[in-house]
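Undergrad: Show me how the following folds:
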Amino acid sequence: MGHKVHPKSVRLGYIRDWESKWFSLKEMPDFIEEDRRLRVYLKNQLKSVSKIVIERPGKYIRVNIYTSRPGIVIGKGGQGIENLRKDIESMTSKKSFVNVMEIKKPELDAQLAAEGIAFQLEKQISFRRAMKKTIEKAMAAGACGIKVMVSGRLGGAEIARTEWLKEGRIPLQTFRADIDYGFAESYTTMGQIGVKVWIFKKELFKKTTKDLIEEAKLVEGEGPLA
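TA: Predicted structure coming up:
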């Protein structure tokens, strides 16, 4: 068996930050399950969402939604955010705040790239064409390297197989390398197809951990909107 480690988890505390920011030994099982339900609900309600960061400072919940299409999430006059806030409060019974963070370069976001390929596969577009198009967009946006892998009954074949394409460098064992990872599933008439994407943005050369995390955020091009 292979000994594979998630590219994000191995960099936590070094150039990556946690997506759930709270600590409570007594209520940890309940909070973990609550975070999972919130993420599943928000993912089903919204589109073009890369990640959802949940913070629990004090007795309320702050949810930061990272998306490439903030206007759709915010809604007309902020009605979209208000509806989400009410739904979150009904699920958690706590006062909540919802912030929308814009992803300025969606081509360099691995999760959005994986979901884009999965969507194209559901539209019966050739998997090779979808993979090549995603790679071209990422490299044109300034990526140092990208790897795309799809697995399943590709092209309607009876036997499932794995295909992958790569361009540039993907130094998975270099901790200072800012590598984004995304996974999505495509539900086609011939079966389920898994999509994995690795995007190498750049290497970070800062001395302190805080400086590394700040530079990683700048590379992702994230900024608050509401």
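
Undergrad: tell me what whichever strand or helix holds D180 is packed against?
TA: Using DSSP states H and E, D180 sits in strand 177-188. Contacts defined by 3 or more Cβ pairs under 8 Å, 6 or more residues apart in numbering; DSSP states H and E place strand 177-188 against helix 110-122, strand 191-203, helix 209-220. Glycine gets a C-beta too; all of them are placed from N, C-alpha and C.

Undergrad: Heading C-terminal from the first one, find the next helix or strand.
TA: Helices and strands here follow DSSP H and E; after helix 110-122, the next one along the chain is helix 127-140.

Undergrad: quick one on the thing from earlier: for the strand holding D180, which positions count as buried?
TA: For strand 177-188, burial by neighbour count (16 or more other Cβ atoms under 10 Å) applies to 177-182, 184, 186, 188.

Undergrad: Parallel or antiparallel, list what pairs with that strand.
TA: Strand 177-188 sits in its sheet next to strand 191-203 (antiparallel), going by DSSP bridges.

Undergrad: which stretches of the protein have low pLDDT?
TA: 1-2, 206-209, 212, 219-226 (pLDDT under 70).

Undergrad: can you name the farthest residue from the center of the protein?
TA: Residue farthest from the centre of the chain, counting by Cα atoms, centre = their mean, is E158 at 30.9 Å.

Undergrad: which non-adjacent residue is nearest E34?
TA: Distances taken as Cβ to Cβ, 6 or more residues apart in numbering put T92 closest to E34, at 6.0 Å, once the chain neighbours are dropped.

Undergrad: Counting neighbours, what do you get for the one you found?
TA: Around T92 sit 19 other residues, with neighbours defined as other Cβ atoms under 10 Å.

Undergrad: you'd agree it is up against Y60?
TA: No. Using Cβ atoms under 8 Å, T92 makes no contact with Y60, being 9.3 Å away.

Undergrad: Identify the contacts common to these two.
TA: Contact with both T92 and Y60 is made by no residue, according to Cβ atoms under 8 Å, 6 or more residues apart in numbering.

Undergrad: Now do the end-to-end distance for stretch 170-185.
TA: Stretch 170-185 has its terminal residues 22 Å apart, counting by Cα to Cα, to the nearest Å.

Undergrad: give me every residue that touches G80.
TA: Neighbours of G80 in contact, by Cβ under 8 Å, 6+ apart: 72-74.

Undergrad: Mind doing that once more with 7 Å?
TA: Neighbouring residues of G80 by Cβ atoms under 7 Å, 6 or more residues apart in numbering: 73-74.

Undergrad: now S151
TA: Contact analysis of S151 by Cβ under 7 Å, 6+ apart lists 160, 162, 193-194.

Undergrad: ok so, going back, do you know which of the helices and strands packed on strand 177-188 lies nearest E27?
TA: Across those, E27 has its closest neighbour in helix 209-220 (26.4 Å, Cβ to Cβ).

Undergrad: about what we covered before: show the buried residues in the contacts of S151.
TA: Buried among the contacts of S151 (16+ other Cβ under 10 Å): 193-194.

Undergrad: what's the closest of the contacts of S151 to E102?
TA: G194 (28.2 Å).

Undergrad: Just list whatever residues bridge to the closest one.
TA: Going by DSSP bridges, G194 forms beta bridges with S151, E185.

Undergrad: didn't it look like it was pressed against E185?
TA: Yes. The criterion here is Cβ atoms under 7 Å, and G194 meets it with E185 at 5.6 Å.

Undergrad: Tell me the buried residues in the helix ranked longest in the chain?
TA: The longest helix of the chain (DSSP state H) is helix 28-45. Within helix 28-45, the residues that count as buried by 16+ other Cβ under 10 Å are 31, 34-35, 38-39, 42.
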